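In: Only the shape, not the letters, is given here:
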C-alpha cells in the first residue's frame, strides 16, 4: 500500500464503525442458484496461500521494487501460475504483460519571475514539471470550478494562457456552499479528488499552465520537496509527452499575493496585467514495468467484467541492504488473487463458470502512486470501463492491526457504499452467508485522517464511477519495513478473507443484473 502522498500540482503530482444491516428486499443481493460456490471457495486453503507467499515474498524477489530485477521475477512467477492454471492472458495478443511506461522525473531546478521579481523553485512554488516561457498576462479563474450553472470560466479566454486558481469553493451570502446549497462541502473541497478535476478542466479549456494557490497544503508538500532535494530522490510517474508544455505549480501565499494581493477575498475571474517568466528544467529516466492481466470469460455475459485486483510491487531494498519482503503489502493480496483465480477456474472446469467475465489484475507501481491501475483505467483499459461492473481490490489482508480492539477474525472494508448501495448490501449478505467475518468500517469514514480510500488501486476505478470494495487489515509495525515477512502472516485469517473476496466476486458475477451505481461521484 502506498504511503499517503497526495498527487498535487506535479509535487507527488498519488458508515462509521461496524455495519451489519442488510436489505431484505433486494432479490438480486445474493444469487439464489442452487450451484453453491462453497465447493470451489473451499479450494482456497492456508497451505496453498502459504506455499505461494513463501516464494513470492522471499529474498529471491528482492522486495519487488518497481522496474527492478525482483519485480521482473515477480511478474514471471505470476505469468507462470496463470499458464499452469490454464487461464488465458487478457490482451488479444496473448501477452500476460500489459506494458506500463514509467519515468522517474528528477527534481527540477529553476525559478519564475513576476513583474521583475524572481521566486526560486522550492521556496514560493513547487513542481515536478519542466516549463519554459514568458507570458504578458495571467488569467485569474477564481476557484477554477465549472459545475452545473456555476462557472469560473464564464467569458474567460484561457487558451495558451497561464491561469491562477485557488483551493476551496464558493459560498453564498448566508455562508452556505454555493454548489451544495448547504453547509456540506462538495468534491471541489476534497484535495485528493478536486485537483485532478481542476487540471482536467483547465486543460480542456486550452490553458498553458496552472498556478494553484493552496496555503493549507503548501507547507507539507514543501517538506516533501525538501526531503527529496536533500536525498537526490526523483518521482516516478507514467511516462508522458511533454511536447504540449503544460505545467502545474503549487504556490504559496507570498507568490499568490504578489500576483493578486486580494486573492483570498477576491473571487472575480478576470485578466491580470502581470508579466510572468518561467524557467524550470528537469530530466527524466525511463523505467520499464508491467501489469499482469488474465481473464476468465463469462458464460452468459462475457462482455461485462468483474475486476479483482492487487498490487504486485513493493519497496525493494533499503540503503543498508535489507530486503523489504512485503509479505503482507501486498504479497498477501497477490497470493489471494492467485487462489481466487484457481477457484474460479475449477468452477469453470466443472461447468459452473461465472456468467460475467472475471479479470485478474495484478498492477505495478502502486507504491509509486497507483501508477499501474492508473494506466489501466486512464490510458489503456483492456476491457471497456463502461462494461466494468465492479472492482474488488485486495491490499494487505494477512495481518492483524495492533491498534484495533475486538476479535481477530475481522477485515476493514472501505468504499463498499461510496458508489453503490447495491454492492454494499450484497457484500454484507455474502459475508453473513459464507464467512462470518467482522466487517469493520472504521476507515470508511469520510473524515478518516488516514484517507485510505484514496491510497490503493481501487481508487482509479472509483473515480471512474465503478463500484469498488477495498479489503484491508490495517497497518502494523512492519509496514514498509524489512520485518514484513511471510512467517508473520496469519494464514487462517488470510484463507477466510480470501474466501470472502471470492464469494463476493461470485455473487457479483452471477446475479441477474449488474450492481447499480446510485451514488455516482459528481
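Out: Yes, it's here. Computed from a predicted structure; not experimentally measured. Residues are numbered from 1 along each chain as shown.

In: For stretch 48-56, buried residues please.
Out: Neighbour counts over stretch 48-56 (16 or more other CB atoms under 10 Å) mark 48, 49, 50, 52, 53, 54, 55, 56 as buried. Glycine gets a C-beta too; all of them are placed from N, C-alpha and C.

In: cool, stretch 471-480 as well?
Out: 471, 472, 473, 474, 475, 476, 478, 479, 480.

In: picking up where we left off before, would you format the buried residues of stretch 48-56 as a markdown table with pLDDT and distance to residue 494 included?
Out: Listed next are these as a markdown table, based on pLDDT from 0 to 100; distance: CB to CB, whole Å:
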| residue | pLDDT | distance to residue 494 |
| --- | --- | --- |
| 48 | 98 | 11 |
| 49 | 98 | 5 |
| 50 | 98 | 8 |
| 52 | 98 | 10 |
| 53 | 98 | 8 |
| 54 | 98 | 13 |
| 55 | 98 | 15 |
| 56 | 98 | 13 |
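
In: From those, pick the one nearest residue 83.
Out: residue 52 (15.0 Å; CB to CB).

In: thought that closest one was touching residue 337?
Out: No: taking CB atoms under 8 Å as the definition, residue 52 is not a contact partner of residue 337, at 10.0 Å.

In: coming back round to it: make JSON lines from the buried residues of stretch 471-480 and add distance to residue 131, secondary structure and pLDDT to it.
Out: Listed next are these as JSON lines, based on distance: CB to CB, whole Å; DSSP: H, G, I helix; E, B strand; the rest coil; pLDDT from 0 to 100:
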{"residue": "471", "distance to residue 131": "41", "secondary structure": "strand", "pLDDT": "98"}
{"residue": "472", "distance to residue 131": "38", "secondary structure": "strand", "pLDDT": "98"}
{"residue": "473", "distance to residue 131": "42", "secondary structure": "coil", "pLDDT": "98"}
{"residue": "474", "distance to residue 131": "40", "secondary structure": "coil", "pLDDT": "97"}
{"residue": "475", "distance to residue 131": "37", "secondary structure": "coil", "pLDDT": "97"}
{"residue": "476", "distance to residue 131": "41", "secondary structure": "coil", "pLDDT": "97"}
{"residue": "478", "distance to residue 131": "41", "secondary structure": "coil", "pLDDT": "97"}
{"residue": "479", "distance to residue 131": "36", "secondary structure": "coil", "pLDDT": "97"}
{"residue": "480", "distance to residue 131": "33", "secondary structure": "coil", "pLDDT": "97"}
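
In: Distance to residue 252 for these - can I get that in JSON lines?
Out: Listed next are those as JSON lines, based on distance: CB to CB, whole Å:
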{"residue": "471", "distance to residue 252": "39"}
{"residue": "472", "distance to residue 252": "35"}
{"residue": "473", "distance to residue 252": "38"}
{"residue": "474", "distance to residue 252": "35"}
{"residue": "475", "distance to residue 252": "31"}
{"residue": "476", "distance to residue 252": "36"}
{"residue": "478", "distance to residue 252": "37"}
{"residue": "479", "distance to residue 252": "32"}
{"residue": "480", "distance to residue 252": "30"}
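
In: Just give me the closest of those to residue 161.
Out: Taking those together and measuring to residue 161 by CB to CB, the closest member is residue 480, at 41.8 Å.

In: With adjacent residues omitted, what lies nearest to that closest one?
Out: residue 315 (5.9 Å; CB to CB, 6 or more residues apart in numbering).

In: surely that neighbour meets residue 63?
Out: Yes: the pair residue 315 / residue 63 is scored as a contact, 6.1 Å apart, by CB under 8 Å.

In: picking that back up, from the buried residues of stretch 471-480, which is closest to residue 68?
Out: Nearest to residue 68 among the buried residues of stretch 471-480, with distances taken as CB to CB, is residue 480, at 16.2 Å.

In: didn't the closest one look like it was pressed against residue 324?
Out: Yes: Residue 480 is within contact range of residue 324, at 6.8 Å (criterion: CB under 8 Å).

In: Show me whatever sits in contact with both of the two.
Out: Contact with both residue 480 and residue 324 is made by residues residue 315, according to CB atoms under 8 Å, 6 or more residues apart in numbering.

In: where along the stretch 201-350 of the chain do the helices fall?
Out: Per DSSP state H, counting those that start in this stretch, the stretch 201-350 of the chain carries helices over the ranges 215-230, 253-259, 333-349.

In: Quick check: which of these is nearest to residue 114?
Out: helix 253-259 (5.4 Å).

In: and that closest one, what does it pack onto?
Out: When contacts are defined as 3 or more CB pairs under 8 Å, 6 or more residues apart in numbering; DSSP states H and E, helix 253-259 sits against strand 109-114, strand 117-120, strand 162-166, strand 209-213, helix 215-230.

In: And the longest strand along the chain, what does it pack against?
Out: With secondary structure taken from DSSP state E, the chain has its longest strand at strand 284-296. With contacts defined as 3+ CB pairs under 8 Å, 6+ apart, the packing partners of strand 284-296 are helix 69-85, strand 97-105, helix 333-349, strand 356-363.

In: okay, the angle between it and strand 356-363?
Out: 150 degrees (axes from the mean of the first three to the mean of the last three CA atoms, to 10 degrees).

In: Please identify the buried residues of strand 284-296?
Out: 284, 287, 289, 290, 291, 292, 293, 294, 295, 296.

In: so which of those would you say is closest to residue 85?
Out: residue 294 (8.3 Å).

In: now the buried residues of stretch 48-56 in CSV, with secondary structure and distance to residue 413?
Out: Below are the buried residues of stretch 48-56 laid out as CSV (DSSP: H, G, I helix; E, B strand; the rest coil; distance: CB to CB, whole Å):
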residue, secondary structure, distance to residue 413
48, helix, 24
49, helix, 20
50, helix, 24
52, helix, 24
53, helix, 22
54, helix, 28
55, helix, 29
56, helix, 25
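
In: Name the nearest of the residues you listed relative to residue 519.
Out: residue 49 (33.7 Å).

In: So the closest one sits against residue 491, correct?
Out: Yes: counting by CB under 8 Å, residue 491 is a contact partner of residue 49 at 5.9 Å.

In: Could you give the number of residues near residue 195?
Out: Around residue 195 there are 24 other residues, counting by other CB atoms under 10 Å.

In: Which helix or strand contains it?
Out: helix 191-204 (DSSP states H and E).

In: for that helix, which positions count as buried?
Out: 192, 193, 194, 195, 197, 198, 199, 201, 202.
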